[in-house]
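# Please find the sequence and the predicted model below.
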Amino acid sequence: MINSPSRALSLALLTVTLLALAAPASAADEDTPKGAAVTVLKAAKACFGNLVEVSGFILAREETAVRPERPGLKVTEVLAEAGDTVTAGQNLARLSLPEGGFQMIQAPVAGTISASSATIGAMAAARGDALFSIIARSEYDLVGLVPSADIAKLAVNQPAAIRIVGLGYVQGKVRRVAPTIEPNSQLGQVFIGISASQRLPINSSGRAEIKTGQSCGVAVPLAAILYTPAGTVVQVIRRNRVETKRVEVGLTDGGQVEIRDGLNEGDVVVARAGSLLREGDPVRPMMAAEAK
């Protein structure tokens, strides 16, 4: 009996269908995301400032006392007060001479008057309290103490951001690092120079962050780091499965952590690592921008 063409075609289609059902899952099927949905991100390049923190007090770098050269003079006019910024040679006060006439007291240097005892009718002494004290060139120092482990990192001219209580931030630079360490406390002294356009309160407390260098490399958010008995790890996603990788962490800044070893730029990392994910678990990764 001769089969009709239509019957032969039906048998062929049936055979193809049965073969397809019997075939193993393709690689594409294996790569189809399964398991829990997790938010991921790519490890990216970032730079971190290496900072040394210093706490201390604001002091005048150089203070000049202004007095008359001879005793017995009386203040008849006061031309400047504490807080004023003055120039070199500027008249500060007029004094009367015992023999008649007067003498002008002038600023020997430019700067800011930090204190004044000059009052009309008072006697101006050649010794004792100065008529005026001037912070030369309006230059200040934050003088602070640093642990011995950080002293070796400091060098002249390193930039510093200084927060002064009640005033906010001013900029400065390391001016001098003491060559010795106090044996009992193991602290060393550092002088951070400040050239301020405003009067700074002497003896007020301040805190500085000195930038001693910069490190650039791969970074991830702090939440992506997991601390385990076996070490510090991140959870990386490869072929939609979890892989745990040990890493060496470095500096931190703004919620980001420097990864010095164990991770490459572009690696897909679980954004919020946790103990619920295990090595080899299948997951459905969602990039952080898509998960919002």
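Looks like it arrived, so ask away.

# can you map out the helices along the chain?
Taking DSSP state H as the criterion, the chain contains helices spanning 5-22, 27-30, 148-151, 288-291.

# For A161, give me its contacts.
169, 171, 208-209, 211 (Cβ atoms under 8 Å, 6 or more residues apart in numbering). The way it works is simple: take the backbone N, C-alpha and C, and place the C-beta from them, glycine included.

# ok, now with 10 Å
Contact analysis of A161 by Cβ atoms under 10 Å, 6 or more residues apart in numbering lists 49, 51, 169-172, 207-211.

# JSON lines please, covering those residues and showing pLDDT.
Converted to JSON lines, those look like this (pLDDT from 0 to 100):
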{"residue": "G49", "pLDDT": "81"}
{"residue": "L51", "pLDDT": "87"}
{"residue": "Y169", "pLDDT": "87"}
{"residue": "V170", "pLDDT": "89"}
{"residue": "Q171", "pLDDT": "91"}
{"residue": "G172", "pLDDT": "93"}
{"residue": "R207", "pLDDT": "92"}
{"residue": "A208", "pLDDT": "93"}
{"residue": "E209", "pLDDT": "91"}
{"residue": "I210", "pLDDT": "92"}
{"residue": "K211", "pLDDT": "89"}
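
# Tell me the one among those residues nearest to P159.
Ranked by distance to P159 (Cβ to Cβ), the contacts of A161 are led by K211 at 5.3 Å.

# Neighbours of the closest one, how many?
Neighbourhood size, K211 [other Cβ atoms under 10 Å]: 14.

# from what I can see it touches Q158, true?
Yes: in this structure K211 lies within contact range of Q158 using Cβ atoms under 10 Å: 6.2 Å.

# what residues are shared contacts of the two?
Residues touching both K211 and Q158 (Cβ under 10 Å, 6+ apart) are 52, 174.

# what's the weakest-modelled helix or strand in this structure?
In the chain, no helix or strand scores lower on mean pLDDT, DSSP states H and E than helix 5-22, which sits at a mean of 44.

# quick one: low-confidence parts of the stretch 151-292 of the chain?
290-292 (pLDDT under 70).

# which ones are touching the nearest residue to P98 once chain neighbours are set aside?
Setting aside the residues directly before and after it, P98 is nearest to G72 in space (Cβ to Cβ, 6 or more residues apart in numbering), at 5.2 Å. Residues near G72 by Cβ under 10 Å, 6+ apart: 95-99, 123-126.
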